[in-house]
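**Student:** need a 3D model of the following:
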Amino acid sequence: PIMRYVLGEQSGLDFSEVDLDGPFPGLDPAHPDANGPLVTRLSELARAQGLTVRQVADHVIPRGSVVGTPAQIADHIEAWVDAGASDGFLLAPALFPHDLDDFVDLVVPELQARGRFRRDYTGSTLREHLGVARPASPWVAAR
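**Tutor:** Model prediction:
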């Protein structure tokens with residue numbers, strides 16, 4: 001599951017065989033692949049609160065994560081926008097760049113099919129697309 005991946009990705013250690021409902025394993029923060037400060041912090045948290053691996057993962061995985069099919073993710077985005085509760089979204093792919101590629105290749109076309117995401121840009125630069133005028137250069141004398 002994603003929990004094993006996120007713990008492994010962030011800590012630098014292998015969580016593929018760890019029992020998610022078991023106690024947090026004793027990890028060596030000095031291991032050459034380890035993110036030592038994070039491993040120490042997670043180990044101390046687990047020990048102090050008696051947390052399982054799954055509970056520690058819950059502390060590590062960002063809140064507001066959405067996982068699902070492209071249609072389910074599009075539904076989620078639409079619900080927030082339609083409720084007036086969002087004017088944009090911050091994508092934080094767990095596996096970079098693969099998850100971002102999946103979003104672009106799978107979710108964006110779903111949103112486009114629903115008429116909820118642009119198909120073309122209106123300008124050739126970000127400034128033109130946003131309709132922001134180019135400011136006068138302070139280095140060019142006014143005529």
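**Student:** which pLDDT value belongs to the residue most central in space within the chain?
**Tutor:** Geometric centre of the chain, nearest residue: Ala92, 1.6 Å, by Cα atoms, centre = their mean. On pLDDT, Ala92 comes in at 75.
**Student:** mind telling me what element it is part of?
**Tutor:** Of the helices and strands defined by DSSP states H and E, none includes Ala92.
**Student:** that one and Val6, how far apart?
**Tutor:** Ala92 sits 11 Å away from Val6 when distances are taken as Cβ to Cβ, to the nearest Å. C-betas here are computed from N, CA, C, even on glycine.
**Student:** buried sites along stretch 2-21?
**Tutor:** Judged by neighbour count using 16 or more other Cβ atoms under 10 Å, the buried positions of stretch 2-21 are 3-4, 6-7, 9-13, 15, 18.
**Student:** if you could redo that for stretch 37-56, that was the one I meant.
**Tutor:** Within stretch 37-56, the residues scored as buried using 16+ other Cβ under 10 Å are 38-39, 42-43, 46, 51, 53-54, 56.
**Student:** do stretch 99-111 as well
**Tutor:** Residues 107-108, 110-111 are the ones in stretch 99-111 that count as buried (16+ other Cβ under 10 Å).
**Student:** leaving out chain neighbours, which residue sits closest to Arg119?
**Tutor:** Leaving aside its chain neighbours, Arg119 sits nearest to Gln112 (5.7 Å; criterion: Cβ to Cβ, 6 or more residues apart in numbering).
**Student:** give me the number of residues near that neighbour?
**Tutor:** Gln112 is flanked by 13 other residues according to other Cβ atoms under 10 Å.
**Student:** quick check, it in a helix?
**Tutor:** Yes - under DSSP: H, G, I helix; E, B strand; the rest coil, Gln112 sits within a helix.
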